[in-house]
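Q: Here is my input, please return the structure:
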Amino acid sequence: MKKTILTIALAIVASASFTTATAGKKDKKKKEDKTAVVLQPVKLLNGSDSTSYAAGKYITEGLYGFLRQQGVDTAYMADFVAGFREVLSLKDDPRQKARVTGMQIAEQVRQGMLPRMKQEFTETPDTIVPDLLFRAFTDELSGDNSVMTSQQAQTLYKQKQQWNKTQKEERLYGPNREAGRRYLESLRSNDSIIRTESGLMYKVLVQGNGEVPQRTDKVLVNYEGRLVDGTVFDASRKHGDKPLSFRADQVIKGWTEALTMMPVGSKWQLYIPYELAYGERDMGNIKPFSALIFDVELVGIDKPAEAQPAATPAPKAKPAVKKGKKRK
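A: Reported below is the predicted structural model:
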């Protein structure tokens, strides 16, 4: 049978009193902790008291797991409790509030922002030195501009950020971009391949004679996409046995340009430079700066059915007039 909250609370009070009484005997050899908080016995005098105490216990559910996620060693719960009580005792003291907030922000910078910034600068000529980052943070908040101003720091950091990003991309994806450039350049001498002003190249495999879609039209297509080394990364057949349907302006730029030139019934092979494909984005099996090849068949345009005019109701038949006999 479950004990009531009041019974549990009283048991806790009793055990706390016993622990306090015996603790002194066990810790005689230890140095007295002058900072220890002397707690008064808990007294639950009414329903509000019992509910409040139960609520305090209740909201600790899951706390240990959260603390472990934060890197807090739960063997030091006495220190955690001391810090908790210290913050509660501050009330409206502005200086102490500022101090505690500084401690909280320090943890956010150390555990959140610093790892992300260090990760951003991995495998680049520059690295983030934690002690200098922390010093600059406090110098700025203290108004110390002896090394550099806030504006100078912002400009320098953004320059370094962009330069390092460029260097990292060049090292990781430069060969991929160069392979795409060489492949597209090799197609220039092919007379059957047409090049547009944007850089899109295409070859007509089947010439259709249907309608040409507008940018906002919903098109029906079959397709297969390949990298310049021949690797197939996607195809409409992987998504079912029916053509895929989407708006012509909701795909990569190279597709939109081609679809708005193709008559329905056409099948073209597209050669798309990375600027008209996914650019610098990493799409998993499509790496940044990838030139792409697509076989695209425009099956049709999926237009909404036109509203039919309402049918005019047939005129009601007039009842036949019976001819009566003439009165004599």
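
Q: Confirm that residue 296 lies within a helix, as I assumed.
A: No - applying DSSP: H, G, I helix; E, B strand; the rest coil, one finds residue 296 to be strand, outside a helix.

Q: Any idea how many residues pack against it?
A: By other C-beta atoms under 10 Å, the residues close to residue 296 number 22. Quick note: C-beta positions are derived from backbone N, CA and C, even for glycine.

Q: Run a quick check on it versus residue 267, I expect a contact.
A: Yes - in this structure, residue 296 is within contact of residue 267 by C-beta atoms under 8 Å, at 7.0 Å.

Q: for the protein, what spans make up the strands?
A: All strands of the chain, identified by DSSP state E, fall at 194-195, 201-206, 218-227, 232-235, 244-247, 267-272, 292-301.

Q: Report all helices and strands that the shortest one contacts.
A: Contact here means 3 or more C-beta pairs under 8 Å, 6 or more residues apart in numbering; DSSP states H and E; on that basis strand 194-195 packs against strand 201-206.

Q: Try it again at 10 Å.
A: Judged by 3 or more C-beta pairs under 10 Å, 6 or more residues apart in numbering; DSSP states H and E, the packing partners of strand 194-195 are strand 201-206, strand 267-272.

Q: Now find how far off-centre that strand is within its chain.
A: Its chain's average C-alpha position is 38 Å from that of strand 194-195, according to C-alpha atoms, centre = their mean, to the nearest Å.

Q: what does the third one give?
A: Chain-centre distance of strand 218-227: 27 Å, with C-alpha atoms, centre = their mean.

Q: Surely residue 54 touches residue 44?
A: Yes - using C-beta atoms under 10 Å, residue 54 is in contact with residue 44, at 9.4 Å.

Q: In this structure, where is pLDDT below threshold?
A: Applying pLDDT under 70 to the chain flags residues 1-37, 305-328.

Q: ok, now how distant is residue 265 from residue 302?
A: 15 Å (C-beta to C-beta, to the nearest Å).

Q: cool, and residue 112?
A: Residue 112 is 47 Å from residue 302, by C-beta to C-beta.

Q: more crowded one of the two?
A: residue 302 (14 against 10).

Q: Contact partners for the more buried one?
A: 213, 217-220, 243, 245-247 (C-beta atoms under 10 Å, 6 or more residues apart in numbering).

Q: how many neighbours does the closest residue in space to residue 226 that isn't next to it in sequence have?
A: In space, and not counting its chain neighbours, residue 226 is closest to residue 293: 4.6 Å by C-beta to C-beta, 6 or more residues apart in numbering. With neighbours defined by other C-beta under 10 Å, the count for residue 293 comes to 19.

Q: So what pairs up with residue 293 in the strands?
A: residue 226, residue 271 (DSSP bridges).

Q: That one: what's it in contact with?
A: 180, 183-184, 201, 224-228, 230, 232, 269-272.

Q: Also residue 105?
A: By C-beta under 10 Å, 6+ apart, the residues touching residue 105 are 113, 137, 141.

Q: got any residues that touch both of residue 296 and residue 267?
A: Common neighbours of residue 296 and residue 267 are listed as 205, 221-223 (criterion: C-beta under 10 Å, 6+ apart).

Q: Most neighbours among the residues you listed, which one is it?
A: When neighbours are counted by other C-beta under 10 Å, residue 221 leads these with 22 neighbours.

Q: quick one: that one and residue 68, what's the gap?
A: Distance from residue 221 to residue 68, by C-beta to C-beta: 51 Å.

Q: picking up where we left off before, can you tell me which of the strands of the chain is nearest to residue 63?
A: Proximity to residue 63 (C-beta to C-beta) singles out strand 232-235 among those, at 46.6 Å.

Q: hmm, back to that, list only those of the contacts of residue 293 flagged as buried.
A: Buried by 16 or more other C-beta atoms under 10 Å: 180, 183-184, 201, 224-228, 269-272, out of the contacts of residue 293.

Q: Just put these in TSV and tack on distance to residue 166.
A: Putting these into TSV (distance: C-beta to C-beta, whole Å) gives the following:
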residue	distance to residue 166
180	18
183	23
184	22
201	27
224	33
225	27
226	28
227	23
228	23
269	33
270	29
271	26
272	23
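
Q: Helices of the protein, start to end?
A: 5-26, 47-58, 63-69, 77-90, 94-108, 114-120, 130-141, 150-186, 253-259 (DSSP state H).

Q: between the ones you listed, which gets nearest to residue 39?
A: helix 5-26 (7.4 Å).

Q: just to revisit the earlier point, which one of the contacts of residue 302 is nearest residue 39?
A: residue 246 (66.9 Å).

Q: Please work out how many residues are found near residue 262.
A: Residue 262: 25 neighbours (other C-beta under 10 Å).

Q: Alright, I will stop here.
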